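Undergrad: Dropping a prediction and its sequence here:
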Amino acid sequence: MKILFNISLAFLFLILYTEKFFPQNTTYTYDWYKYYTPAEGKIIGIWPHPNRYNDIIRLKELKYKWGFKYIVFSIGHNEFNLLKQVGYDPQSNIMMSFEGYNYMNTSEYDQCWAYCLDEPEYKNISLNTVQAIKTWFNTNFPNAPFISSGYKRNSYLKDLTNNIADQVLFSSYVHWWEILGVWLSWPVNPDQRSDWTDMKNLFGSKFTMTWVSANQDLSDYNDLVGHAANLGLSGIWLYNHPPISEVDDNNLESFCGNAANRGYLTTNYQQVRNRYINGVFTGRQFVGPSYLSIPTNYYHSDMVFTNVTVTNNRIDDYFASNSITAGSSYFYIIPASKKSTFNSNKEIILKPGFHAQPGCEFRAYITEEP
């Protein structure tokens, strides 16, 4: 017991000694954070790589950074709970993918927005079986769309779409032709636009969403997203499920940037305050309103204000906006690199977003209130 006490005492001394002689150095930087949000009436979804579920922060980024309001989920209770934890509402935002042999397992989960049987012809599932599966879903989840997909515009896909599925998704990199009653593929064609046009002409309101491959379509994002908009498609689903390897942020930025240019997403910029302890990034806090582009008024010339009193000016106090109101038609924009001190006379009331720290003069940019 005495030995344990001595060890504990020594450990406590080490902590106090370390904090005294090696204090934590906390610093802050400001930056612009770019993120995407869904456009009204549009569906932007993703079938993510399973690796995303290994990091809840990266999983959350799909929704809050990249704007994927909708997500495809394969069966798995841990993964389903993670999706709910990061903000995906099953009845509003999750499309559950299932197989012909495990579709009844979907009853173990909360009801989802939609259910998808992917490429049943490729999996040798007969149309009669697909019809029986849909009947089961109509009984158990009567308000959820039954979605299917295919890659051959043949009689199977026509019967599947016209007579069974509520919606059909499509992806194909070859053209399919019926020759003497036999469906043949030729030629290889990585550009899916003409096939999407055929699908729209064939199925009309049942073809309002389509797949885009995060691998094979990377160089064609601009053309494909543009053609989807031209066809009036309301939804685009980015496929990044195996066997495709997980894509990086540059790939997602390319897709989302093109989706924003075509009205499927909205681009947003918001100032963030990054916190570092001893040079190591430890967290980020959003400040101020969001903008559709970085406002140029942040680069107006400096002006020095003296003899002012600021409310809520405690050391290291922090608010959530980068503007202060001075009782006029102007906003005083605080540059990220400046610190401030305040003397009494004229009162300035802080809005959220100002980091008040005594010790240096008060500087701000001035611009007309938007």
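TA: Structure received. None of the values given here were measured: they were computed from a predicted structure.

Undergrad: Past the strand or helix carrying Glu61, which element shows up next along the chain?
TA: Assigned by DSSP states H and E, Glu61 falls within helix 56-64. Sequence-wise, the next helix or strand downstream of helix 56-64 (DSSP H and E) is strand 70-74.

Undergrad: Remind me what that next one packs against, helices and strands.
TA: Packed against strand 70-74 by the contact rule (3 or more C-beta pairs under 8 Å, 6 or more residues apart in numbering; DSSP states H and E) you find strand 43-47, helix 77-86, strand 94-98, strand 235-239. (Glycine included, C-beta is placed from N, CA and C.)

Undergrad: That strand versus strand 235-239: what angle between them?
TA: Going by axes from the mean of the first three to the mean of the last three C-alpha atoms, to 10 degrees, strand 70-74 is angled at 50 degrees with respect to strand 235-239.

Undergrad: quick one: pLDDT of the residue nearest to Leu160 when sequence neighbours are not counted?
TA: The shortest distance from Leu160 to any residue other than its chain neighbours is 5.7 Å, reached at Ser148 (C-beta to C-beta, 6 or more residues apart in numbering). For Ser148, the pLDDT comes out at 96.

Undergrad: still on that earlier bit, distance between the helix holding Glu61 and the chain's centre?
TA: Averaging C-alpha positions (C-alpha atoms, centre = their mean, to the nearest Å) puts helix 56-64 6 Å from its chain's average.

Undergrad: Not counting that helix itself, show me its contacts.
TA: The contact list for helix 56-64, computed with C-beta atoms under 8 Å, 6 or more residues apart in numbering, reads 35, 46, 48, 52-53, 68-69, 71, 82-83, 85-88.

Undergrad: Then stretch 25-39?
TA: Stretch 25-39 is touched from outside by 44, 64-67, 69, 256, 259-260, 263-279, 284, 286-287, 294, 336-337, 355, with contacts defined as C-beta under 8 Å, 6+ apart.

Undergrad: Pull out the buried residues from those residues.
TA: Neighbour counting over these (16 or more other C-beta atoms under 10 Å) leaves 44, 65-67, 69, 256, 259-260, 264-273, 275, 287, 336, 355 as the buried ones.

Undergrad: Show only the entries of those found in strands.
TA: With DSSP state E as the criterion, strands contain 44, 265-273, 275, 287 from among the buried ones among the contacts of stretch 25-39.

Undergrad: between these, which is nearest Ala144?
TA: Set against Ala144, the nearest of these by C-beta to C-beta is Ile44 (19.5 Å).

Undergrad: Test my guess that the closest one contacts Ser234.
TA: No: counting by C-beta atoms under 8 Å, Ile44 stays clear of Ser234, with 10.0 Å between them.

Undergrad: So which residues of the stretch 151-300 of the chain form strands?
TA: Read by DSSP state E, counting those that start in this stretch, the stretch 151-300 of the chain holds these strands, from start to end of the chain: 167-170, 174-179, 182-188, 209-213, 235-239, 265-277, 280-291.

Undergrad: any idea of the angle the fourth one forms with strand 43-47?
TA: Yep, that's strand 209-213 we're talking about. With the same axes, to 10 degrees defining the directions, strand 209-213 sits at 40 degrees from strand 43-47.

Undergrad: I'd like to know how far Phe203 sits from Ile277.
TA: Look at Phe203 and Ile277: by C-beta to C-beta, to the nearest Å, they are 57 Å apart.

Undergrad: what do you get for Asn261?
TA: As judged by C-beta to C-beta, Asn261 and Ile277 stand 39 Å apart.

Undergrad: Next: Asp89.
TA: Applying C-beta to C-beta, the value for Asp89 to Ile277 is 35 Å.

Undergrad: got it, and Phe73?
TA: To Ile277, Phe73 is 37 Å away according to C-beta to C-beta.

Undergrad: Equivalent analysis for Glu108, please.
TA: For Glu108, the distance to Ile277 equals 44 Å [C-beta to C-beta].

Undergrad: And the ones in strands among the buried ones among the contacts of stretch 25-39, which is the shakiest by pLDDT?
TA: Ranked by pLDDT, these bottom out at Val287, which scores 68.

Undergrad: Can you check the pLDDT for Ile164?
TA: The predicted structure scores Ile164 at 97 on the pLDDT scale.

Undergrad: ok, it touching Ser148?
TA: Yes: A contact is recorded between Ile164 and Ser148 when judged using C-beta under 8 Å, the distance being 7.2 Å.

Undergrad: May I see the buried residues of stretch 157-172?
TA: Those buried within stretch 157-172 under the rule 16+ other C-beta under 10 Å are 157, 160-161, 164-172.

Undergrad: Tell me the one of the residues you listed nearest Ala132?
TA: Set against Ala132, the nearest of the buried residues of stretch 157-172 by C-beta to C-beta is Ile164 (10.0 Å).

Undergrad: who touches that closest one in this structure?
TA: If a contact means C-beta under 8 Å, 6+ apart, then Ile164 has 127, 130-131, 134, 146, 148 as its contacts.
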